[in-house]
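Asker: Here's my sequence, what's the structure:
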Amino acid sequence: MTKIKLTIEYVGADFCGWQSQKNGNSVQDAVERALGGYFGCDFVRVYAAGRTDVGVHATGQVAHFVVDKPVNCYKLCLGVNVALPPSVAVTSAEVVDDDFDARFSALSKTYCYRVYVSPTRKPTLDVNHAQIYKPLNVPAMREAASLLVGTHDFAAFQKTGSNLKGTVRTVNSFSVTDNGDGTLCFTVNGNAFLYNQVRTMCGLLIEVGKGRFGLSDVEAMLGGVKLKFRTMPAKGLTLQRVYY
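Answerer: Numbers count the residues shown, from 1 in each chain. This next block holds a predicted model:
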């Protein structure tokens, strides 16, 4: 048996998320069908580092699968990508040890949330950025982001209705980068995240940048107080890399 690690890139707007769905329109479905075609079967089951929601993109999603034959990783990438839709591609493949697991071997993940600041819509950025209409206070957002670093109970940052029992997570780093061209990137690395946690954290920082909230509001949310503000849309979020 051969275990293969895949790195996968995709534009989430074309899919109903990563996880396989009955309608067959998930990234996982597309990858499994393409692998099945390459190996001469209906599909090959793949296991990912984590789910991404509908509309969320990835440049570094990781998945693994097992086959009962030797694999040429270079030819695998070429053959599978021919069968994949234009918005998803396998960017690398490698043989890994039997004990590797895309999900359970992961040490941390890095996400980037992108926004552009403009009073008018910019179609070329709309694919993977959220629009903010007025300038933001970047130094204030950076100070707020620093409060979110560390091990905290992020219960107030998860979407209502989540059935996860544990809500303590560790954020290793959180930066706010002004690219100087009207775009910003919120980059966060952590061991794991709650449902919608990253989008909620970024939404909170943007409210700080607008002057609506302050550092005391960030501390209040870490203390379990739920504040009302916009959860940022999925299209601005990209899973950049999974670390092992």
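Asker: secondary structure class for A145?
Answerer: helix (DSSP: H, G, I helix; E, B strand; the rest coil).
Asker: who's in contact with it?
Answerer: Residues near A145 by Cβ atoms under 8 Å, 6 or more residues apart in numbering: 174-176, 186, 205. In short, each C-beta sits where N, CA and C put it, glycine included.
Asker: same question, A140
Answerer: Counted by Cβ under 8 Å, 6+ apart, A140 has contacts 208-209, 211.
Asker: rerun at 6 Å
Answerer: By Cβ atoms under 6 Å, 6 or more residues apart in numbering, A140 lies in contact with V208.
Asker: okay, now L204: neighbour count?
Answerer: L204 is flanked by 26 other residues according to other Cβ atoms under 10 Å.
Asker: so where does it fall, helix or strand?
Answerer: helix 197-210 (DSSP states H and E).
Asker: Equivalent analysis for T238, please.
Answerer: T238 belongs to strand 237-243 when elements are defined using DSSP H and E.
Asker: SS state for D101?
Answerer: Assignment for D101 (three-state DSSP): coil.
Asker: My guess is T91 contacts K5. True?
Answerer: No: using Cβ atoms under 6 Å as the test, T91 is too far from K5 to be in contact (11.7 Å).
Asker: Partner strands of the strand holding T238, with direction?
Answerer: The strands beside strand 237-243 in its sheet (DSSP bridges) come out as strand 57-67 (parallel), strand 108-117 (antiparallel).
Asker: ok, and what's touching whichever helix or strand comes after the last one?
Answerer: The first helix or strand that comes after strand 108-117 along the chain, using DSSP H and E, is helix 123-126. Surrounding helix 123-126, the residues in contact under the criterion Cβ under 6 Å, 6+ apart are Y116.
Asker: helices and strands around the next helix or strand after helix 123-126, which ones?
Answerer: Per DSSP H and E, the first helix or strand lying C-terminal to helix 123-126 is strand 130-132. Counting contacts by 3 or more Cβ pairs under 6 Å, 6 or more residues apart in numbering; DSSP states H and E, strand 130-132 packs against strand 108-117.
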